[in-house]
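[1] Sequence and predicted structure are below.
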Amino acid sequence: MARSFINFLYLILVLNLSAINFSYADSHVDSCTITGGIYDKTQVIDNGYCASAPSVYEIIAYELYLCTSEPAAPTTTTVMDLSNCYKNWELSSGATLSVQQNATVDVPGTMTRPPNGTYTHGVMLIDNSFGITASLQFDEAVTDQDGNSGVYCGTKSGSGTYGTGAVPSGTSECGASEISAGKFTELLTSFDSGSFSGTAEGENLNGTSASIKGYLIDTNSYLAENDADVDKLIGAATFASPVNFTEATTTITMSFNVGEGMSMYNNGSNRIVFGSGPFQAIISTD
């Protein structure tokens, strides 16, 4: 089963020249049907899939680049060509970015102001694991992966792998009363569970000219050839509007369209699975 690479949860990353700050902004866009705060069971169980925003979305980020042209994609024998890109943030050990509505968190690492110029693309290196936390209510009873049913469901504390021939177990918990959600961490080793897919792409995002490409890479930063190769993930975005740096620029504002921030789907046995995915970046300057 292939999962769509693009979702509708937006995050805001404000990179001041003296500090890095991360905050959430409500996108007002959601692919799941929600009426009065209640989700439509049909989309998830009968239709098999829908996407929504979790309460908390977590990634681990390592590097961020701004590029003056589209970087050449990595192959199984070459790394992504970043010769036209400028690394403006990094933390080699990884920065865990755990984001929730109306909250901000300082991001450690080293940020460097890009040279003045026009940047049309962005690249971020992140870990291939994603943490999601969510608690919600359906209009009809839904069954979790352990066989419990109820109109209330949420993510269950734990971890699992989404990859070739693998859909994680133990992601969901459902019952007759509101669920106290735990964080489920998903390891992504393929964009398709039917057969290995190391690449994914979304175009014309939200009716704009923006697009995003995702690449699962190995320890050499080459495109991974199978699930066992996968070490990290590269997200490469084409901006709908170029980002301009001048002498007057003091702040970079970046918004993320974060893959399917929370995907919900039928595991094939009419039981709900929660999952996650990568993102698109949108940048502006002040």
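    In hand now; what should we look at? Just so we're clear, the structure is a prediction, and the values are computed from it rather than from any experiment.
[2] looking at this structure, which helix or strand is least sure?
    Of all the helices and strands that make up the chain, the one with the lowest confidence by mean pLDDT, DSSP states H and E is strand 10-16; it has a mean of 37.
[3] Tell me the spacing between the residue nearest to E140 when sequence neighbours are not counted and F184.
    In space, E140 comes closest to K41 once its chain neighbours are excluded; the distance is 4.3 Å by CB to CB, 6 or more residues apart in numbering. C-beta coordinates here come from the backbone N, C-alpha and C atoms, glycine included. Using CB to CB, to the nearest Å, we find K41 at a distance of 20 Å from F184.
[4] More neighbours: those two, which one.
    Neighbour comparison, K41 and F184: the larger count goes to F184, with 28 against 18 (by other CB atoms under 10 Å).
[5] can you pull up the bridge partners for the more buried one?
    Under DSSP bridges, the beta-bridge partners of F184 are I132, G158.
[6] ditto for C174
    On the basis of DSSP bridges, C174 is bridged to C153.
[7] low-confidence ranges in the stretch 1-150 of the chain?
    When residues are selected by pLDDT under 70, those of the stretch 1-150 of the chain lie in 1-30, 100-106.
[8] Please, where are all the strands along it?
    Secondary structure of the stretch 1-150 of the chain by DSSP state E, counting those that start in this stretch: the strands cover 10-16, 20-24, 34-35, 38-39, 49-52, 56-67, 85-100, 104-106, 110-111, 117-127, 129-133, 135-143, 149-155.
[9] can I get the ones you listed in CSV with mean neighbour count and distance to I234?
    Converted to CSV, the strands of the stretch 1-150 of the chain look like this (neighbours: other CB atoms under 10 Å; distance: least, CB to CB, whole Å):
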stretch, mean neighbour count, distance to I234
strand 10-16, 19, 17
strand 20-24, 18, 20
strand 34-35, 12, 32
strand 38-39, 18, 32
strand 49-52, 22, 22
strand 56-67, 22, 9
strand 85-100, 17, 11
strand 104-106, 12, 23
strand 110-111, 15, 19
strand 117-127, 20, 6
strand 129-133, 22, 15
strand 135-143, 18, 31
strand 149-155, 22, 26
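[10] Of all those, which one is nearest S190?
    Each of the strands of the stretch 1-150 of the chain was scored for nearness to S190 using CB to CB, and the closest is strand 129-133 (13.7 Å).
[11] and the direction of the closest one versus that of strand 149-155, what angle?
    Per axes from the mean of the first three to the mean of the last three CA atoms, to 10 degrees, the angle that strand 129-133 makes with strand 149-155 is 130 degrees.
[12] which residues touch strand 129-133?
    Contact partners of strand 129-133, identified using CB atoms under 8 Å, 6 or more residues apart in numbering, comprise 54-60, 98, 155, 159, 181-188, 259, 261-262, 274-278.
[13] quick one on the thing from earlier: quick one: the residue nearest to E140 from G170, how far?
    Separation of K41 from G170 (CB to CB): 21 Å.
[14] one step back: nearest to P242, of the strands of the stretch 1-150 of the chain?
    With CB to CB, the closest approach to P242 among the strands of the stretch 1-150 of the chain belongs to strand 117-127: 4.9 Å.
[15] Partner strands of the closest one and their direction?
    Each strand that pairs with strand 117-127, with its direction, by DSSP bridges: strand 56-67 (antiparallel), strand 232-245 (antiparallel).
[16] In JSON lines, list those strands along with distance to T120.
    Supplementary listing: those in JSON lines, determined by distance: least, CB to CB, whole Å:
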{"stretch": "strand 56-67", "distance to T120": "7"}
{"stretch": "strand 232-245", "distance to T120": "5"}
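[17] Please identify which of these is closest to D286.
    Set against D286 and scored by CB to CB, these come closest in strand 232-245, at 10.8 Å.
[18] Which of the residues in that closest one are classified as buried?
    By neighbour count on 16 or more other CB atoms under 10 Å, the buried set for strand 232-245 is K232, L233, I234, G235, A236, A237, T238, F239, V243, F245.
[19] Could you dump the residues you listed into CSV with distance to D139 added?
    Putting the buried residues of strand 232-245 into CSV (distance: CB to CB, whole Å) gives the following:
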residue, distance to D139
K232, 39
L233, 35
I234, 39
G235, 34
A236, 39
A237, 35
T238, 38
F239, 38
V243, 42
F245, 49
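[20] which of these lies closest to G117?
    Comparing these against G117 with CB to CB picks out F245 as the nearest, at 5.8 Å.
[21] is it true that T189 touches L233?
    No - counting by CB atoms under 8 Å, T189 stays clear of L233, with 10.1 Å between them.
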